[in-house]
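Novice: after the sequence you'll find the predicted model.
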Amino acid sequence: MADKRSFKERQAALHEIADRIRPCTLCPLAAGRTNAVPGAGRADADIMFIGEAPGFYEDQQGLPFVGASGKYLDELLGKIGLTRDDVFITNVVKCRPPGNRDPLPDEIDICVATYLKQQVEIIQPRLIATLGRFSMALFFPKDARITKIHGHPLRANERIYYPLFHPAAVLRNPNLRPAMEADFKRIPELVAEISRSSKSDDSPPPPPPQQLSLF
Ligand code: SF4
């Protein structure tokens with residue numbers, strides 16, 4: 001998984017992708033957006049958060065997680081001693097679906113294959129935290145339920161895939177808050193674990209599950 005690119009080279013590569021995302025018209029979501037939202041954060045972040053799609057405020061500002069969900073995400077990051085400058089935050093699709101409808105399978109497929117896949121390859125995060133079910137479905141079996149597998153890390157390809165609730169779901173249902181916060185608190189120990197194991201383990205990584213073949 002090691003990437004020999006320097007920090008500046010990664011930054012430049014991410015900027016180049018963002019410059020392609022902003023005018024992108026590859027799928028129908030282009031028609032209804034105000035601004036595409038490429039994502040933001042450290043070019044060599046250990047932790048990458050992948051949400052679902054931009055909402056109203058994200059679409060207005062062109063930045064990820066800037067509404068109430070974003071404030072809650074900031075709060076959660078603060079509880080583990082991080083800010084959003086320490087991580088990279090993006091979404092499965094980069095343009096807001098009209099009326100906040102769910103993104104369609106074709107829209108997800110084209111946006112992930114064209115942009116998200118490359119962002120992951122450049123950043124090479126040690127931990128990918130999925131926020132919500134659309135992001136989770138990129139890496140976990142299609143029949144996985146977020147209520148069952150949230151907080152259960154999957155280790156593959158020298159990386160941890162970590163399914164979490166979407167912050168907006170937690171804001172809608174405060175009963176999910178203790179579970180979300182407990183799951184979040186485990187992130188530093190999981191990153192430390194995968195960092196140790198990738199330094200000490202010279203054996204080849206196990207073959208990835210089918211869903212992980214995407215990345
Ligand atoms: S959602 Fe992705 S593929 Fe569709 S127009 Fe926006 S950037 Fe392009």
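Specialist: Received it, and whenever you're ready, just let me know what you need.
Novice: enumerate the residues of the chain near the ligand.
Specialist: Applying the criterion CB under 6 Å from any ligand atom, the portion of the chain that neighbours the ligand consists of 21, 24-27, 29-30, 36, 93-95, 107, 110-111, 114. Placement of C-beta: from N, CA and C, glycine included.
Novice: most surrounded residue in those residues?
Specialist: Each of those was scored by neighbours using other CB atoms under 10 Å; the highest score is Lys94's, at 31 neighbours.
Novice: quick check: pLDDT value at it.
Specialist: The model reports Lys94 with a pLDDT of 98.
Novice: kindly report the same for the one 4 residues further on.
Specialist: If you check Pro98, the pLDDT there is 96.
Novice: could you check how far the closest residue to it other than its chain neighbours is from Ala12?
Specialist: Closest residue to Pro98 in three dimensions, ignoring its sequence neighbours and counting by CB to CB, 6 or more residues apart in numbering: Gly32, at 4.2 Å. As for Gly32, its distance to Ala12 is 30 Å (criterion: CB to CB, to the nearest Å).
Novice: for the helix or strand bottoming out on mean pLDDT in the chain, buried residues please.
Specialist: Taking mean pLDDT, DSSP states H and E as the measure, the helices and strands of the chain show their lowest mean at helix 187-200, namely a mean of 89. If you call a residue buried by 16 or more other CB atoms under 10 Å, then helix 187-200 has these buried ones: 187, 190-191, 193-194.
Novice: dump the residues you listed to JSON lines, plus distance to Phe65.
Specialist: Supplementary listing: these in JSON lines, determined by distance: CB to CB, whole Å:
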{"residue": "Ile187", "distance to Phe65": "16"}
{"residue": "Leu190", "distance to Phe65": "21"}
{"residue": "Val191", "distance to Phe65": "20"}
{"residue": "Glu193", "distance to Phe65": "26"}
{"residue": "Ile194", "distance to Phe65": "24"}
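Novice: between those residues, which sits nearest Pro167?
Specialist: Closest approach between the buried residues of helix 187-200 and Pro167, by CB to CB: Ile187, at 14.0 Å.
Novice: show me what contacts that closest one?
Specialist: By CB atoms under 8 Å, 6 or more residues apart in numbering, Ile187 lies in contact with 47, 80, 127, 129, 162.
Novice: please enumerate the strands of this protein.
Specialist: Under the criterion DSSP state E, the chain carries strands at the ranges 40-41, 47-51, 88-91, 127-131, 154-156, 159-164.
Novice: elements contacting the shortest one?
Specialist: Contacts defined by 3 or more CB pairs under 8 Å, 6 or more residues apart in numbering; DSSP states H and E place strand 40-41 against strand 88-91.
Novice: same list, the contacts of Ile187, but as JSON lines with neighbour count please.
Specialist: As requested, the contacts of Ile187 are arranged in JSON lines below (neighbours: other CB atoms under 10 Å):
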{"residue": "Ile47", "neighbour count": "25"}
{"residue": "Ile80", "neighbour count": "16"}
{"residue": "Leu127", "neighbour count": "22"}
{"residue": "Ala129", "neighbour count": "23"}
{"residue": "Tyr162", "neighbour count": "26"}
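Novice: now for these: which two are most distant?
Specialist: Within the contacts of Ile187 (distances taken as CB to CB), the two that end up farthest apart are Ile80 and Tyr162, at 12.6 Å.
Novice: good, wrapping up.
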